Each structure stands twice: as structure tokens, then as C-alpha cells.
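Student: Quick one, what's the 3D model for this:
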Amino acid sequence: MQFLLIIPAVLLIICAFRESKVTGTFKAFGVYGRLKAYLFIDMLAVGIASIVLAFMDKPMIGSKLVSILAGIGFLAIAVLIYLSTLAKCPDFLKGSLLISMLITGFGVTAKIAVFFVGAVWVLTGPQQITGSDGNTYLKHGNDIYTMDGKRVGNTNGAGGFTILTDSDGNPVETNQHVD
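Tutor: Numbers count the residues shown, from 1 in each chain. Take a look at the predicted model:
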């Protein structure tokens with residue numbers, strides 16, 4: 001079953017590498033750019049997911065009927081994006097337009113997932129800090145945790161932190177500064 005998860009991952013990687021070349025050709029002829037292909041893929045995926053989940057009794061949006069209608073609406077938007085792109089497409093590129101938009105859309109999605117989401121996780125996740133005692137801690141909000149997730153202290157107003165318990169839960173009181 002996990003093998004089925006590998007197939008989409010490999011396809012996304014392939015699309016990410018091919019995306020720039022494919023998009024460049026269509027961008028040069030004024031057919032579409034990354035944003036248009038990304039929106040096409042999004043509307044297509046959300047539309048399909050909304051309809052499929054409604055039939056699985058897990059509607060994405062409101063009730064089953066609302067989810068189906070919303071899915072049809074999202075699919076209609078995807079079709080309109082495709083048709084407006086097709087209207088601008090030179091004849092010699094029309095045969096490869098759908099596949100190219102899919103490659104661009106999936107490639108941009110993969111790049112966003114790898115670079116943007118990863119950067120946001122790093123910026124919003126706990127900050128790794130080393131105390132003057134040489135121990136490494138995680139600072140999350142105003143709380144200080146050990147690397148295995150046990151809360152051991154909090155930050156203080158002086159830009160450092162106070163360890164209230166050790167990793168075994170024994171009470172201690174040590175004021176530390178961040179190295």
C-alpha cells in the first residue's frame with residue numbers, strides 16, 4: 001500500500017525538474033505562466049477531491065450536496081482556465097497543452113512544498129538553543145523543553161531562560177543565557 005504513495009511523489013519530482021523547460025516554451029509564446037497552471041491544478045484537484053469525498057460521506061464543504069456542487073464549481077473554473085489558455089495557444093502547441101499545464105502545475109506545487117513550506121516550518125517551529133551549561137533545549141513561545149519534549153523551564157526578561165526542572169522532572173533553579 002505504501003508503494004502507491006511513492007508513485008505520486010516520484011511524479012511530483014519529475015514534474016518539478018521538467019517544469020521550468022515546459023513553462024518557458026509556453027511563456028515565450030504568451031500562452032500561460034506558472035500562476036495560471038498552478039491555479040488550474042488547484043481548482044482541478046479541489047474539485048475532484050470535493051466530489052469524491054462527498055461520495056465517501058466525508059464532505060469537504062458543508063453537506064454532501066454542497067460539497068458536490070462546490071466540486072462542480074471548482075471543476076468548471078479549471079475548465080474555464082484551460083479553455084482560455086487553449087484560445088491563446090498556437091496550433092502547434094495545442095496538442096501538448098493539457099499535459100504541459102499539468103507538468104507546470106504539479107512542478108510548481110512540488111517546488112512550493114519543498115522550499116516555501118519548509119522555510120515556513122523552520123521560521124515558525126521551536127528554536128533550538130544551547131544554554132551556558134552546554135545542554136541543548138528547544139524554545140517554543142515562552143517555554144523551554146528538552147530535546148525529547150519535556151517542559152523544563154521558561155524564558156526570562158533578560159534574554160535568557162530559567163530551567164525549573166531537569167529532564168527527569170527533579171526541581172532545579174538555574175538562570176542561563178543563550179550562547
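Student: hey, let's count contacts and neighbours off CA atoms from now on
Tutor: Will do.
Student: Can you pull out the low-pLDDT segments for the protein?
Tutor: The chain contains residues with pLDDT under 70 at 1, 117-124, 132-133, 157-159, 161-179.
Student: List of residues touching the helix or strand encompassing residue 79?
Tutor: Secondary structure from DSSP states H and E places residue 79 in helix 64-88. Contacts with helix 64-88, where a contact means CA atoms under 8 Å, 6 or more residues apart in numbering, come from 30-32, 36, 39-41, 43-44, 46-51, 54-55, 57-61, 94, 97-98.
Student: how close does the residue nearest to the spatial centre of the chain get to residue 82?
Tutor: Computing the C-alpha centroid of the chain and ranking residues by CA atoms, centre = their mean puts residue 113 first, at 4.1 Å. Look at residue 113 and residue 82: by CA to CA, to the nearest Å, they are 24 Å apart.
Student: And the residue nearest to the centre of the chain, its phi and psi?
Tutor: Main-chain torsions, residue 113, degrees, to the nearest 10: phi -60, psi -40.
Student: Can you tell me which of the contacts of helix 64-88 are classed as buried?
Tutor: 31-32, 36, 39-41, 43-44, 46-51, 54, 59-61, 97 (16 or more other CA atoms under 10 Å).
Student: Look at residue 129 and tell me its secondary structure.
Tutor: strand (DSSP: H, G, I helix; E, B strand; the rest coil).
Student: the strands in the protein, which residues?
Tutor: Secondary structure of the chain (DSSP state E): strands located at 127-130, 136-140, 143-145, 151-155, 161-165, 171-176.
Student: Tell me the gap between the third one and the middle of its chain.
Tutor: This means strand 143-145. Chain-centre distance of strand 143-145: 27 Å, with CA atoms, centre = their mean, to the nearest Å.
Student: That one: partners in the sheet, and parallel or antiparallel?
Tutor: Strand pairing for strand 143-145, determined by DSSP bridges: strand 136-140 (antiparallel), strand 151-155 (antiparallel).
Student: And the first one, by the same measure?
Tutor: With DSSP bridges as the criterion, the sheet partners recorded for strand 127-130 are strand 136-140 (antiparallel).
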